[in-house]
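K.L.:
Mind looking at a prediction? Sequence and model below.
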Amino acid sequence: MKILRLLLILGLIHQVYAQDVSGDAQKGKQDYYDFGCYGCHGYSAKYRVPLVGDTSGVMSSESVFLTYLRLRSEQNPINPANRMPNYGESSLSDEQALDIYAYIKSIDDDPPELDGVAVMTDMLDAAKARGDGIEK
Amino acid sequence: MPDSKSGKDKSAEISRRAFLGTSAGAAAASLLGKSDTAEAQTAPPASRPALPGQSAAAADRDVGGATPPPVTRAAQRPGSDLMVQVLRDLEIEYIAANPAASFEGLQESIVNYGDTPNKMPEFVTALHEESSVDMAHGYAKSEGRPMAVLLHGTLGLMHSSMAIYQAYQYQIPIVLIAGRDDTNFLRSQSADDIAGIVRSFTKWDAHPKTLPEALDAIQECYRQAITPPRGPAIVVLDTELQKEEAGELQVPAFVPPQITGISRDEAKAVAKALVDANNPRIAVGMLRTPKGVDDAVELAQLVGASTSTRAVIVPMSFPQRHPLCGPGADTDYDYTLGLETAGVQAAIIGLHRRSIEGRDETGIGYGFVRKPRTPVWGPYAEPKPSEVNMSADAEASLPSIIEEVKKLQNAAHKSAVASRSKRHAAANNKAAVASLEKALEERRRGWNDSPISLARLYIDLWSLIKDEDWCLASPTQFSSGHNRVLWDHNKPYSHLGMHGAGGIGYCIGASTGAALAAKERDRIVINIQCDGDLNMVPGSLWTAAHHRLPMLVIMHNNRAYHQEMMYAQFMAGVRGRGGDRAHIGTTLRDPFISYAKMGEAYGVESEGPISDPAKLMAALERGVNAVKEGRPYLIDVLTQPR
């Protein structure tokens, strides 16, 4: 959590100097797949630990993204499946990392409105209906 | 010498089974000198002296082709008939097995004994012994009581050992019966102490030497299985006992176990604390049977207690959408009672696994047997040191607590309970709606993506089953457990929880067992099935087709052993190399597996792979309609990894 807070602060600072995306999104798409980023984030970076619409600050700039990838090393938690792996330069070059960053940035974030998905509104209505008749 | 009936020369004949056994068939052919090919394959090198060959009878025996010796007097009332009667008296609905010689007597009785053949128990054909036990695991979680499994000692028991271990870890009651043929069959398939194979992770075992003892042992096996701490128990039945003439022997009357709850004084103290409290709370873990759940509901209603539940991750817990279930109107609880889960002021928790320590005679030291500790996942939590802990079965304790509460209640208390219950109901509904709204907001992202969002799968499916009587039999942590907040877990069998020990291959078998329970109860079973799990023991698909089971299999097809891929990925990261090679050995690519074809091969109506989310709802609708008509159905869905 401390790391994330630090990154968030760094991210806010970097947003002032936010760089344009310099990587190649097409190459990044392949690297995103090859390096297994989809494992936690989903094939379109929107699931489980979403990077599209990220609020942690990790995606706030290229430099923060790179720093985050490099920051973690020699960590061996109890359940690695719940943790972000370390990506050192010997495994993933700066160029590849920035390509991945560009790919994630290129993904449209277009969720439907909740009101526009009938099955969702039905679920909410049913939940609310359970409260009908309960004396408040 | 020619056979008098067939005219064939028996010396030149070898049984079909022996002939089909590759190595033994070749050996036999070599021995008989009838096949040039076989002869060539088995001819010894010229430099070595020829070894004496195996006899035809020995070769036949070693591949299982031996004919049982002639029965000198067919039993008019075989012992196995009485064994079946014991199972009937226990109301064991199903007995799953992969057929085997060591229980041929008992199997014959199951299908032929009595006026209503093949019922109570119905013989369920399993394609693997692991599947048999997993079926019993799923059935017991659904119904809170055991079904039986027949196993071939020793080999079938070995096949089933992982599933037995998982049932043991989850404290699942199962009646295991292992056949033992020590005289007429292969020595390599028999043993002196067959139950020893699984002693470390079964609750109890017996190897009766007489028929009366055998009947008692089956009853005791059932008693041990259902008495807390529950678990699989096993009785080994020799073939001789199965075939023995029972004569006038009568089936003994079954004496049910006495399951001990807390003492009367403790019940009075708990009841008084609940009645005196201004804001009581009851934390409900996993009880044993639907009766226990009903009693927990009655107690909560009697005292107007808000409750917590584990119904979203285990069976037999408090109904998730009951008006009292939730944080309640006031979270400053002044008395909390835990039922098979840690409470604050008091916790009634059964003995669980600790009492079975002595059975690990080999000192292997399996988890939980080795040292009690708080599980990362699982139905039981270690109580906090500050609690008043009562080591007794919570379900058995509930009737006396309810009785004492009723004695203490007066009009003023009833009025306060009514008022508090209304406040709790309103607050819990508000919390549930807020939680659902937040969950749905989060799950909009990626709604229309391909591969299909698992959240969408759960939400679309819920719209089709919400008004049905359903059971979610599969573990859901690998598919992100969207059911926990999105669905309503209001029945004792709404969700059957985890594997027991995380062993893969459990899901399809356990779901099939849950479907056995559902079949005659107008219930449908949902199995959100991981691809890696199905590939372990897919034969349960055939069992579901053969027995017309209402099981909807929805493949969570992420084409990987995904968790393990992430382990490899993490390790590569720690070592700073090869992050792009973590897929090697962990993914199911090149070629992709067609689960629809697999389902069809086993006789299950199947479709897919479906990767277009716009086509998902229609496929799910076809599946739900099929299982409502009692037909298993498989939908292969290409999904996001998690």
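P.N.:
Noted; the coordinates are in hand.
K.L.:
next SSE after the longest helix along chain B?
P.N.:
Determined from DSSP state H, the single longest helix within chain B is helix B:411-443. Using DSSP states H and E, the helix or strand that follows helix B:411-443 towards the C-terminus is helix B:454-465.
K.L.:
For whatever helix or strand comes next after that following helix, give me every contacting residue.
P.N.:
Next helix or strand after helix B:454-465 toward the C-terminus (DSSP H and E): strand B:470-472. For strand B:470-472, the external contacting residues (C-beta atoms under 8 Å, 6 or more residues apart in numbering or on different chains) are B:142, B:483, B:487, B:489, B:491, B:493-496, B:514, B:517-518, B:523-526, B:528. C-beta: built from backbone N, CA, C; applies to glycine.
K.L.:
Apply 6 Å and report the result again.
P.N.:
Contact partners of strand B:470-472, identified using C-beta atoms under 6 Å, 6 or more residues apart in numbering or on different chains, comprise B:S142, B:N483, B:Y493, B:H495, B:A514, B:A518, B:R523, B:I524, B:V525, B:I526.
K.L.:
Need the pLDDT of the last one.
P.N.:
Here, the pLDDT recorded for B:I526 equals 98.
K.L.:
I'd guessed it sits against B:L552; true?
P.N.:
Yes. Between B:I526 and B:L552 there is a contact at 5.4 Å, judged by C-beta atoms under 6 Å.
K.L.:
quick revisit: of the contacts of strand B:470-472, which is the most crowded?
P.N.:
B:A514 (33 neighbours; other C-beta atoms under 10 Å in any protein chain shown).
K.L.:
Check which helices and strands the helix or strand containing that one sits against.
P.N.:
Per DSSP H and E: B:A514 is located in helix B:506-519. Here helix B:506-519 touches helix B:129-143, strand B:524-530, helix B:540-546, going by 3 or more C-beta pairs under 6 Å, 6 or more residues apart in numbering or on different chains; DSSP states H and E.
K.L.:
Quick check: which of the ones you listed is nearest to chain A?
P.N.:
For the helices and strands packed on helix B:506-519, the distance to chain A is smallest for strand B:524-530, at 13.9 Å, taking C-beta to the nearest C-beta.
K.L.:
What helices and strands are in contact with that closest one?
P.N.:
By 3+ C-beta pairs under 6 Å, 6+ apart, strand B:524-530 packs against strand B:470-472, helix B:506-519, strand B:551-557.
K.L.:
Can you give the distance from it to the centre of its chain?
P.N.:
14 Å (C-alpha atoms, centre = their mean, to the nearest Å).
K.L.:
Tell me the helix or strand right after that strand.
P.N.:
Counting by DSSP H and E, what follows strand B:524-530 is helix B:531-536.
K.L.:
for the chain, what are the low-confidence residue spans?
P.N.:
Using chain A. A:1-19, A:72-82, A:133-136 (pLDDT under 70).
K.L.:
Correction: the question concerned chain B.
P.N.:
B:1-55, B:57-74, B:352-357, B:367-386.
K.L.:
quick one: contacts for the most centrally placed residue in it?
P.N.:
Centroid-nearest residue in chain B: B:H137, 1.7 Å away (criterion: C-alpha atoms, centre = their mean). By C-beta under 6 Å, 6+ apart, B:H137 lies in contact with B:A167, B:I172, B:A510.
K.L.:
just to revisit the earlier point, got the contacts of strand B:470-472 as TSV, with distance to B:G326 columns?
P.N.:
As requested, those are exported to TSV (distance: C-beta to C-beta, whole Å):
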residue	distance to B:G326
B:S142	25
B:N483	17
B:Y493	21
B:H495	18
B:A514	27
B:A518	28
B:R523	26
B:I524	27
B:V525	27
B:I526	24
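K.L.:
Quickly compare the helices and strands packed on helix B:506-519 and say which is most buried.
P.N.:
helix B:129-143 (a mean of 31; mean count of other C-beta atoms under 10 Å in any protein chain shown).
K.L.:
report the angle between the axes of that one and helix B:506-519?
P.N.:
Helix B:129-143 and helix B:506-519 are oriented at 50 degrees to each other (axes from the mean of the first three to the mean of the last three C-alpha atoms, to 10 degrees).
K.L.:
Helix B:129-143: how far from the chain's middle?
P.N.:
3 Å.
K.L.:
Export it to CSV, keeping only CA atoms.
P.N.:
Provided in CSV are the C-alpha atoms of helix B:129-143 (Å, rounded to 0.1, in the frame of the first residue of the first chain):
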residue,chain,number,x,y,z
GLU,B,129,-13.3,-44.1,-8.7
GLU,B,130,-12.2,-40.5,-8.1
SER,B,131,-15.5,-39.5,-9.8
SER,B,132,-17.5,-41.8,-7.6
VAL,B,133,-16.2,-40.2,-4.4
ASP,B,134,-16.5,-36.7,-5.8
MET,B,135,-20.1,-37.5,-6.6
ALA,B,136,-20.7,-38.5,-3.0
HIS,B,137,-18.9,-35.3,-1.9
GLY,B,138,-21.3,-33.1,-3.9
TYR,B,139,-24.3,-35.1,-2.9
ALA,B,140,-23.5,-34.9,0.8
LYS,B,141,-22.9,-31.1,0.6
SER,B,142,-26.3,-30.7,-1.1
GLU,B,143,-28.3,-32.9,1.3
